[in-house]
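Asker: 3D model of this:
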Amino acid sequence: MRLRRRPRYDTLQNEVRRRGRSWGRWIYLGLLCGLVLWIADMFVGDLLYFRAEGLVMRNRVVLATQYPAEVKSLNVEEGFSISKGDVLVQVRSQKIEETLAQLYSDMVDGIGRATDLEVRNQVYEAIYPMTQRLYSEAREARLSSDTLRGEGLISNVRRADLLQSEMESALEQTRIEVEQKTIEKNMPELRAAVSASREAIMRLREVYADGILKAPSDGVVGYLHVAQGSVIQPGEPLMELFTGDPFVLAYVPQGALYTLHPGDPIKISVGLNTYYSRVSRIYPVAGQLPQEFQNTFQPVSRAQIVRLEFDPGQDFPALFAKTKLSAVGWPPAWLKRLFASAYGRLAGKAPDPLTGKGDRLDASHAHSAGPDFGPIARSHLVQQLQTGVQSR
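Answerer: Numbering: from 1, shown residues only. Here you go, the predicted structure:
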């Protein structure tokens with residue numbers, strides 16, 4: 001019979017744990033990486049990929065008058081849809097009415113003076129031959145009196161009467177000639193003044209149009225700056241109208257990796273709604289961001305202004321809605337152009353447009369690479385390689 005060795009109670013055995021998966025560590029690393037990416041996206045995301053903000057706009061028309069007036073009747077309110085030719089407001093201007101009355105008075109005076117001169121001219125033309133004959137007869141009588149005076153057959157009183165008659169006929173003839181010349185000189189200017197007064201009346205009546213202001217085109221009434229009975233000054237706005245189709249005025253950051261070209265597709269997000277548009281115009285100016293886009297703790301920001309036109313066949317968001325913009329599809333259009341430009345520089349060994357370095361193809365290499373296209377085609381090919389643009 002063998003004796004068993006009993007284990008000692010003061011000896012402790014090590015228990016080896018099983019190696020399990022540390023999910024907590026991976027979750028922590030994931031959250032940390034997400035935080036780093038979120039911070040990077042906040043500060044430099046706008047420079048790496050296209051992301052911008054904009055406002056839904058329409059063409060803005062400010063309705064105002066060129067004269068002081070009083071609002072007699074107001075036919076619209078804010079938000080009203082209007083059609084071209086609708087009567088929006090009617091005003092009354094005392095100054096315009098007084099000016100029209102003065103112009104009418106001046107025109108009537110000018111017409112009266114012109115008529116008077118015309119009548120006098122016609123009278124002078126009718127009596128001028130008679131005046132000439134009277135002067136001729138008086139002169140002949142005076143010359144005959146000189147002969148009779150030497151013979152003592154005429155008295156001095158009678159000869160004085162003949163001299164006075166000759167002088168009066170000469171003065172009358174000279175007066176008619178001078179007045180006819182003056183009338184011929186002043187008549188064109190007087191007629192021009194009457195014509196100018198008539199044209200001024202027509203223009204003023206056209207501008208005033210009895211104080212009726214009509215809608216220049218279809219649209220929506222934006223803001224009303226007056227009410228019925230208000231008195232307005234020249235150039236002071238009555239109301240603002242928004243006409244034409246809606247578009248988005250986007251504010252794109254400068255110095256980014258991407259570049260926009262006219263025709264690039266852009267996705268517009270307004271809340272949960274999505275719209276599609278294309279770049280229609282890129283303005284060569286950097287405008288100040290609207291107040292709702294400014295950061296309170298940063299200086300006033302400016303960005304390049306880009307106009308986006310909505311694609312047809314879709315609804316439009318509300319006017320002045322704040323939008324978020326992003327590129328459509330993957331890869332976006334700007335990234336395709338970047339890849340195509342890089343591939344073209346590598347494939348054609350063209351110089352880099354940024355650095356100007358790189359190999360250039362000479363005429364012999366171009367000739368050996370393919371058929372001869374002539375001097376014009378070769379020069380066009382060299383120009384393409386110099387600019388780094390590949391055209392097919």
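
Asker: Can you verify my assumption that Y124 contacts I176?
Answerer: Yes - in this structure Y124 lies within contact range of I176 using C-beta atoms under 8 Å: 4.9 Å. Placement of C-beta: from N, CA and C, glycine included.

Asker: how many other residues sit next to L335?
Answerer: Applying other C-beta atoms under 10 Å, we find 16 residues neighbouring L335.

Asker: can I get the CA coordinates of stretch 174-182 in CSV?
Answerer: Coordinates of the C-alpha atoms in stretch 174-182 are reproduced here as CSV (Å, rounded to 0.1, in the frame of the first residue of the first chain):
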residue,chain,number,x,y,z
THR,A,174,-36.3,150.1,-94.5
ARG,A,175,-38.4,149.1,-91.4
ILE,A,176,-40.1,146.4,-93.3
GLU,A,177,-36.8,145.0,-94.7
VAL,A,178,-35.3,145.0,-91.2
GLU,A,179,-38.3,143.3,-89.6
GLN,A,180,-38.4,140.7,-92.3
LYS,A,181,-34.7,139.9,-91.7
THR,A,182,-35.3,139.7,-87.9
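
Asker: For that stretch, buried residues please.
Answerer: Along stretch 174-182, these residues count as buried under the neighbour rule (16 or more other C-beta atoms under 10 Å): I176.

Asker: average pLDDT for that stretch?
Answerer: Taken as a whole, stretch 174-182 carries a mean pLDDT of 88.

Asker: Not counting its own residues, what contacts that stretch?
Answerer: R120, N121, Y124, E125, I127, Y128, T131 (C-beta atoms under 8 Å, 6 or more residues apart in numbering).

Asker: Stretch 231-244 too?
Answerer: 58-71, 76, 82, 88-89, 91, 213, 215-226, 319.

Asker: Show me those residues that map onto helices.
Answerer: Among the contacts of stretch 231-244, no member falls in helices (DSSP state H).

Asker: With secondary structure and distance to P253 as added columns, please give the contacts of stretch 174-182 in TSV.
Answerer: Conversion of the contacts of stretch 174-182 to TSV gives the following (DSSP: H, G, I helix; E, B strand; the rest coil; distance: C-beta to C-beta, whole Å):
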residue	secondary structure	distance to P253
R120	helix	80
N121	helix	78
Y124	helix	84
E125	helix	83
I127	helix	90
Y128	helix	88
T131	helix	92
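
Asker: List buried residues within the residues you listed.
Answerer: Counted by 16+ other C-beta under 10 Å, the contacts of stretch 174-182 give N121, Y124, T131 as buried.

Asker: show me what contacts the last one?
Answerer: T131 makes contact with S169, E172, Q173, I176 under the criterion C-beta under 8 Å, 6+ apart.

Asker: In a strand, the second one, correct?
Answerer: When you say that, I think you mean E172. No - membership of E172 in a strand is not supported by DSSP: H, G, I helix; E, B strand; the rest coil, which gives helix.

Asker: where does the chain dip in pLDDT?
Answerer: The chain contains residues with pLDDT under 70 at 1-3, 7-22, 150-154, 295-300, 348-392.

Asker: how about the helices in it?
Answerer: Using DSSP H, the helices assigned to the chain run over residues 23-48, 94-151, 156-208, 333-348, 363-369, 374-387.

Asker: of those helices, which approaches A286 most closely?
Answerer: Distances from A286 to each of those were compared using C-beta to C-beta; the shortest belongs to helix 23-48, at 14.4 Å.

Asker: For the closest one, buried residues please.
Answerer: D46.
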